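Visitor: coords below, sequence missing:
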């Protein structure tokens, strides 16, 4: 916006918002290209699919790979496996908690 103001591209009362300017550039109403806008190229808009495909950053305990070998043999009681089953993408819906003794 500072560039448009400095170059007097618009009347002072008619300077559009940044969102409008970016929309005009995307629609090729303005001669500027996205490659000329360094700040716009740095910013990545997140997509809905990338949210569900990324790994969880919060780990709630030790990894399953670090458990002792004796648990794998299933000869002793008292070792539990816990998991949650999410039915929908709606985070307000209830989930199912499963507990299995290994």
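Guide: Good, I have the coordinates. Not measured: the values here are computed from a predicted model.

Visitor: what comes up buried for stretch 22-29?
Guide: Of all the residues in stretch 22-29, those buried under the rule 16 or more other CB atoms under 10 Å are 22, 25. C-beta coordinates here come from the backbone N, C-alpha and C atoms, glycine included.

Visitor: any weak-confidence spans in this structure?
Guide: 1-5, 7, 10, 12, 38-61 (pLDDT under 70).

Visitor: Tell me who's in contact with residue 101.
Guide: 77, 78, 79, 80, 81 (CB atoms under 8 Å, 6 or more residues apart in numbering).

Visitor: how many neighbours does residue 93 have?
Guide: Residue 93 is flanked by 9 other residues according to other CB atoms under 10 Å.

Visitor: Oh, that last question was meant for residue 15, not what I typed.
Guide: 14.

Visitor: In this protein, what residue spans correspond to helices?
Guide: Secondary structure of the chain by DSSP state H: the helices cover 2-6, 18-26, 38-42, 48-53, 69-73.

Visitor: re earlier: out of the contacts of residue 101, who's nearest residue 71?
Guide: residue 79 (4.8 Å; CB to CB).

Visitor: Just want to check the distance between the closest one and residue 89.
Guide: Distance from residue 79 to residue 89, counting by CB to CB, to the nearest Å: 32 Å.

Visitor: can you check residue 81 too?
Guide: 25 Å.

Visitor: cool, residue 64 as well?
Guide: 25 Å.

Visitor: quick one on the thing from earlier: which of residue 81 and residue 89 has more residues huddled nearby?
Guide: Neighbours were counted for residue 81 and for residue 89 using other CB under 10 Å; residue 81 has more, 12 against 9.

Visitor: give the contact list for that one.
Guide: Contacts of residue 81 by CB under 8 Å, 6+ apart are 98, 99, 100, 101, 102.

Visitor: Try it again at 10 Å.
Guide: Residue 81 sits next to 64, 67, 71, 98, 99, 100, 101, 102 when contact means CB atoms under 10 Å, 6 or more residues apart in numbering.

Visitor: Repeat that for residue 32.
Guide: With CB under 10 Å, 6+ apart, residue 32 has these contacts: 3, 21, 22, 24, 25.

Visitor: Perfect, I'm done here.
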